[in-house]
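A.B. asks: Return a 3D structure for these sequence lines:
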Amino acid sequence: MVQGTRHIALIAGLLFAASGFAQVPAGAPAGTTGMCKDGTYSSAATKKGACRGHKGVQTWYSAGSTAAAAAVPSVAPTPVAPPAAVPAPTPAAAAPAAPAAGTAMTRKPAVAYTPPANAAPGGGPGLVWVNKTSKAYHCPTDKWYGKTKNGAYMSEADAKAAGYHADHGKTCGA
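C.D. replies: This is a model prediction of the structure:
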């Protein structure tokens, strides 16, 4: 019987190795599914995007690799209780482990750009500010009037003739 168990363990190990997934290192946090190229661990469920912002995936262990490794029997057989005596797993036990502290990958919050306090000199009645980068023009009542980096003042008619469009479709003239 011991010889048959060894064969099963050997076959299971070979099948696992042939699956293309690496084994989770011993020092990895619980729930680790991959290692990023910068040396951090990921606990993402899928490989896609798992190491975004960490130079990509170096080694993928897969979500099931730790469970598969645990399922491989040891060389020495252990007694097993009959199936009726095994309690059903609780939902808390079936939930994946949370990543260890310091391994969570977070994205930096987006910072909204606010216009400078002072408008460029030279504006006045009947003039709009054209943003040469976005090809939009801004009215004197707009918060971006005279405040974008690459722009100039001109009449609204000249701005339209030059191919500029009203910001958010708001024209300045009546």
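
A.B. asks: can I assume residue 159 is in contact with residue 128?
C.D. replies: Yes - taking contacts as CB atoms under 8 Å, residue 159 lies within contact range of residue 128: 5.4 Å. Every C-beta, even on glycine, is put in place using the N, C-alpha and C of the backbone.

A.B. asks: list residues touching both of those two?
C.D. replies: Between them, residue 159 and residue 128 share the neighbouring residues residue 137, with contact defined by CB atoms under 8 Å, 6 or more residues apart in numbering.

A.B. asks: So which of these two has more stuff around it?
C.D. replies: A count of neighbours by other CB atoms under 10 Å puts residue 128 above the other of residue 159 and residue 128, at 29 against 23.

A.B. asks: What sits closest to that one if chain neighbours are left out?
C.D. replies: Nearest-residue entry for residue 128: residue 137, 4.3 Å, with adjacent residues in sequence omitted and distances by CB to CB, 6 or more residues apart in numbering.

A.B. asks: wait, is the one you found part of a strand?
C.D. replies: Yes - going by DSSP: H, G, I helix; E, B strand; the rest coil, the assignment for residue 137 places it inside a strand.

A.B. asks: ok, it - contacts?
C.D. replies: The neighbours of residue 137, taking CB under 8 Å, 6+ apart as the test, are 128-131, 156, 159, 164-167, 172.

A.B. asks: Phi and psi next, for residue 157.
C.D. replies: Main-chain torsions, residue 157, degrees, to the nearest 10: phi -60, psi -40.

A.B. asks: and the gap between it and residue 171?
C.D. replies: Relative to residue 171, residue 157 is positioned 11 Å away (criterion: CB to CB, to the nearest Å).

A.B. asks: before we move on, what about residue 118?
C.D. replies: 25 Å.

A.B. asks: Same check on residue 112?
C.D. replies: Using CB to CB, residue 112 is found at 25 Å from residue 171.

A.B. asks: Of the two, which one has the most company?
C.D. replies: For residue 112 and residue 171, the more surrounded residue by other CB under 10 Å is residue 171, and the numbers stand at 13 against 5.

A.B. asks: got the contact list for that one?
C.D. replies: Contacts for residue 171 (CB under 8 Å, 6+ apart) come out as 139, 156.

A.B. asks: and it, what element?
C.D. replies: When elements are defined using DSSP states H and E, residue 171 is found to belong to no helix and no strand.

A.B. asks: Check what pLDDT it gets.
C.D. replies: For residue 171, the pLDDT comes out at 81.

A.B. asks: Would you map the strands across the chain?
C.D. replies: Remark: strands assigned in the chain by DSSP state E are 34-36, 41-42, 57-60, 127-131, 136-138, 151-155, 165-166.
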